[in-house]
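In: Model the following, please.
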Amino acid sequence: MKRIIAIALVSYLAFALEFLLYNFWGHWGKPELLILVVIFFNLYLGIRFSIVAAIFCGIFKDTLGIGPFGTYVLVYITAAYMTTLVRRYLYQPGSKFSRGVVAFLVLVGSFTVQAILTNMNHEAPFSEQLFYILVPQLLTTMIAATYVFALLRNLSNFLSLKN
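Out: Numbering: from 1, shown residues only. Below you'll find the predicted structure:
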């Protein structure tokens, strides 16, 4: 129960920080902190807690979205499963480069799911989606990934989430 409460708090804090960064710097200055939270809990605690984090992150993101409720829950659960697949075949424990590769691949996969869901409601050219959605997400998230993972690991050690 302690882990689930900690995951809910970390997810909410990441959501609030993402919201503040978006309002302060716009779309080009907002890293995808919620995806990084899902990836971190998958790498640190496993798939079960990553899915819990994905549900919390998706619900928080869906509350402000204009799309159908549950869209971001689906995107983040997909990210949790993609992280598991990438972790199984590419991840080297303790490697910063490996964590970056995981974050990159999961972010591209999440963008793909998000682009498919966006095109179901209205037609948007793929080139515009690449430039206005994927490029800002990749740049800001990859810059923030190492710092966020280190911060979350320190927080998890402080809360002693891993037995």
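
In: Give me the secondary structure label for Tyr91.
Out: When states are read from DSSP: H, G, I helix; E, B strand; the rest coil, the local structure at Tyr91 comes out as coil.

In: Backbone dihedrals for it, both of them.
Out: phi -80, psi 130 (degrees, to the nearest 10).

In: what about the helix or strand of the chain with the lowest mean pLDDT, distance to the chain center?
Out: Of all the helices and strands that make up the chain, the one with the lowest confidence by mean pLDDT, DSSP states H and E is helix 126-129; it has a mean of 74. Centre-to-centre, helix 126-129 and its host chain are 21 Å apart (Cα atoms, centre = their mean, to the nearest Å).

In: ok now the next helix or strand after it, how far from the chain's centre?
Out: Along the chain past helix 126-129, the next helix or strand (assigned with DSSP states H and E) turns out to be helix 135-159. Here the centre of helix 135-159 is set off from its chain's centre by 10 Å, with Cα atoms, centre = their mean.

In: can you check stretch 74-92 too?
Out: Averaged over its C-alpha atoms, stretch 74-92 has a centre that lies 11 Å from its chain's centre (Cα atoms, centre = their mean).

In: Flag every buried residue along it.
Out: Of all the residues in stretch 74-92, those buried under the rule 16 or more other Cβ atoms under 10 Å are 74-84, 86-87, 91. Every residue, glycine included, has its C-beta placed from N, CA and C.

In: re earlier: may I see the buried residues of the least confident helix or strand of the chain?
Out: Within helix 126-129, the residues scored as buried using 16+ other Cβ under 10 Å are Gln129.

In: And that helix, what does it pack against?
Out: Taking 3 or more Cβ pairs under 8 Å, 6 or more residues apart in numbering; DSSP states H and E as the contact definition, the neighbouring helices and strands of helix 126-129 are helix 96-121.
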